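Undergrad: with the input below, show me the fold.
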Amino acid sequence: MQTQQATGFDIVARGYDFVEAPRVSPGGDVWFSDLTGGGIYRKRSGGEVETMLADRQWVGGMVFDESGRIICGGRGGIIAFDPRSGESTDILTEIEGEPIIAVNDMEADGRGGLFAGTIDFVSIMETGETPTPGRFFHLSAAGKVTVLRRDVFASNGIAFSPCGRYLYHSETSCGIWRYPLDANGLPEAGHLLVEEEAADGLAADSEGNLWLACWSTGKLVHYSPGGAALQALTFPFPHIVSLCFGTTDAKSLFVATGGNEEVPKAGAVLRLSVDIAGLASAHTRFGSLVP
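TA: Numbering: from 1, shown residues only. Okay, here's the model as predicted:
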């Protein structure tokens, strides 16, 4: 597999520390977070970037809820943010009786709930200690938590196959896990499909291929459904972090980048045209948010 420099991409937003959680609304608004700099942002077509929630820390994942709220991870768990009122509501603050340190990437399950993973950002970001293992879990529309794994080094991107029978989970230090889903939409025993220590954000296209962000190597790698590497792209940014497909244009892949001490403020959202349309993400439907 040959690695090539990506060309022809557009810069949607730039000048942030470490961009995460890109999402495109049904109307084409681009949402994203600054993981280390803090905040949640929205870029409307033809408009300037707006700060939507300035004080939210460590947001690594977002999904849209049918209520119009934005479901956000971050420090302390999961919240529902209402962009109309600016108010936030706690959705999940503890698992198995333990307070959540932080929730990273998440993805709606197509049944009203979501899959997500916890991560020890206190150790990673603040104390420099060895992080405690994270939990990979499912949160149903009714608020029931099912813990799927308790030994995740760093939980990252989540995606589904076009047929809906498989879930993919990116674990930094390992790679991409592939899980068959049972009749209730929950994972059964899986296997490591792709070995990649730098594995981060993940997105699936309509033919079952997977796009993987490799944060430490700065690569964007395209894999076949069987896990074979098809192509690898690099960008003039030190880290490639997270991914999502567009809504009004399913062949637009949005790529979040990150900076570091050597290259500060290199966090950006890029838009890259690809040949195969991506899969649209579902919306959650949490009963606690219904009036």
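Undergrad: which residue comes closest to the one residue sitting closest to the centre of the chain once chain neighbours are left out?
TA: Nearest to the geometric centre of the chain sits residue 105, at 4.0 Å (C-alpha atoms, centre = their mean). Using C-beta to C-beta, 6 or more residues apart in numbering and skipping the chain neighbours, the partner closest in space to residue 105 is residue 61 (4.1 Å). Yep, even glycine has a C-beta here, placed from its N, CA and C like the rest.
Undergrad: surely that neighbour and residue 103 touch.
TA: Yes - with contact defined as C-beta atoms under 8 Å, residue 61 counts as touching residue 103 (6.7 Å).
Undergrad: so what's in contact with the two at the same time?
TA: 73, 116 (C-beta atoms under 8 Å, 6 or more residues apart in numbering).
Undergrad: and the residue nearest to residue 105, backbone torsions?
TA: phi -150, psi 150 (degrees, to the nearest 10).
Undergrad: what's the answer for residue 216, then?
TA: phi -80, psi -30.
Undergrad: rewinding a little: between residue 61 and residue 103, which is the more surrounded one?
TA: Higher neighbour count among residue 61 and residue 103: residue 103, with 34 against 28, using other C-beta atoms under 10 Å.
Undergrad: quick check: the more buried one is in a strand.
TA: Yes - counting by DSSP: H, G, I helix; E, B strand; the rest coil, residue 103 is found in a strand.
Undergrad: isn't it up against residue 120?
TA: No - checked against C-beta under 8 Å, the pair residue 103 and residue 120 is beyond contact range at 11.4 Å.
Undergrad: which neighbours do those two share?
TA: With C-beta under 8 Å, 6+ apart as the test, residue 103 and residue 120 reach no residue in common.
Undergrad: isn't residue 20 right up against residue 32?
TA: Yes - under the criterion of C-beta under 8 Å, residue 20 makes contact with residue 32 at 7.0 Å.
Undergrad: which residues do those two both contact?
TA: By C-beta under 8 Å, 6+ apart, the residues touching both residue 20 and residue 32 are residue 256.
Undergrad: pull the number of nearby residues for residue 271.
TA: Neighbours of residue 271 (other C-beta under 10 Å): 18.
Undergrad: sorry, slip of the keys, the one I care about is residue 208.
TA: 17.
Undergrad: that one sits in which helix or strand?
TA: Assigned by DSSP states H and E, residue 208 belongs to no helix or strand.
Undergrad: what separation is there between it and residue 164?
TA: Counting by C-beta to C-beta, to the nearest Å, the gap from residue 208 to residue 164 is 11 Å.
Undergrad: and residue 120, by the same measure?
TA: 32 Å.
Undergrad: what do you get for residue 37?
TA: 36 Å.
Undergrad: now residue 37: phi and psi?
TA: According to degrees, to the nearest 10, residue 37 has phi -80, psi -20.
Undergrad: what's near enough to touch the residue nearest to it when sequence neighbours are not counted?
TA: In space, and not counting its chain neighbours, residue 37 is closest to residue 17: 3.6 Å by C-beta to C-beta, 6+ apart. When contacts are counted by C-beta under 8 Å, 6+ apart, residue 17 touches 34, 35, 36, 37, 258, 259, 264, 265, 267.
Undergrad: I am finished for the moment; much appreciated.
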